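Colleague: A predicted structure for the sequence below; I have some questions about it.
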Amino acid sequence: GAGVSQSPSNKVTEKGKDVELRCDPISGHTALYWYRQSLGQGLEFLIYFQGNSAPDKSGLPSDRFSAERTGGSVSTLTIQRTQQEDSAVYLCASSRAGGPANTGELFFGEGSRLTVL
Amino acid sequence: DAKTTQPNSMESNEEEPVHLPCNHSTISGTDYIHWYRQLPSQGPEYVIHGLTSNVNNRMASLAIAEDRKSSTLILHRATLRDAAVYYCILDIYNQGGKLIFGQGTELSVKP
């Protein structure tokens, strides 16, 4: 498809396990963003990539969270030793632009719903 | 940290115009104003953005105050499908494209 693709759409895991969430941005989009949304809450910024580098990691909630992007395309968000408070919908977005001015339109995926038991 | 203030909720009647307000008193001259909306169980979708002048597109209009400390998203004829959470966001220069979403305004549309 032409949109942002995320997988898995749903993931149930046990506390303490590691999880990987994947994001396939729109082809040609240089900027990629990860957000998370807890039930009934707004979006919380996690990390932003421009190409393969992450100029802003300030939103990652703890050192259990990491993300990488390879080939300027696919990104993986990894959560180690999951905790119940990690349960949320993790949303990925991509954009043609990105940088210090005028972000440009963000296109969001449908999200990966993570439930930690 | 969101730097914008919006009412928590608003109601509208179908087929009537809706004006969604947003205050951003700390805006600087190079910050863009973005609006996104999120329908139930979906990721957010872009609505409109602007810098100084009013903007129109097929979805909505954005009216920006002369001092830029506030803006209004205008839906010209609300439909049931417009029921969503609407987010007003500042795209802050030199923040590397980090859009900080606040709590937004939950718009309900009555038939």
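Modeller: Received it, and whenever you're ready, just let me know what you need. These numbers come from a predicted model, not from an experiment.

Colleague: helix/strand/coil for the residue lying closest to residue B:103 once chain neighbours are set aside?
Modeller: Nearest-residue entry for residue B:103: residue A:42, 4.7 Å, with adjacent residues in sequence omitted and distances by CB to CB, 6 or more residues apart in numbering or on different chains. In short, each C-beta sits where N, CA and C put it, glycine included. Look at residue A:42: counting by DSSP: H, G, I helix; E, B strand; the rest coil, its state is coil.

Colleague: give me the distance between the residue in chain A positioned nearest to chain B and residue A:34.
Modeller: Using CB to the nearest CB, the single residue of chain A nearest to chain B is residue A:108, 3.3 Å away. Using CB to CB, to the nearest Å, one obtains 11 Å as the distance from residue A:108 to residue A:34.

Colleague: list the contacts for the closest residue to chain A within chain B?
Modeller: With distances taken as CB to the nearest CB, chain B approaches chain A most closely at residue B:43, which sits 3.3 Å away. By CB atoms under 8 Å, 6 or more residues apart in numbering or on different chains, the contact set of residue B:43 is A:4, A:91, A:93, A:108, A:109, A:110, A:111.

Colleague: which among those residues end up buried?
Modeller: Neighbour counting over those (16 or more other CB atoms under 10 Å in any protein chain shown) leaves A:4, A:91, A:93, A:108, A:109, A:110, A:111 as the buried ones.

Colleague: could you find the closest non-adjacent residue to residue B:35?
Modeller: Distances taken as CB to CB, 6+ apart place residue B:47 nearest to residue B:35, at 4.2 Å, with adjacent residues excluded.

Colleague: same thing with residue B:26?
Modeller: By the measure of CB to CB, 6+ apart, the closest residue to residue B:26 outside its immediate chain neighbours is residue B:3, 5.6 Å from it.
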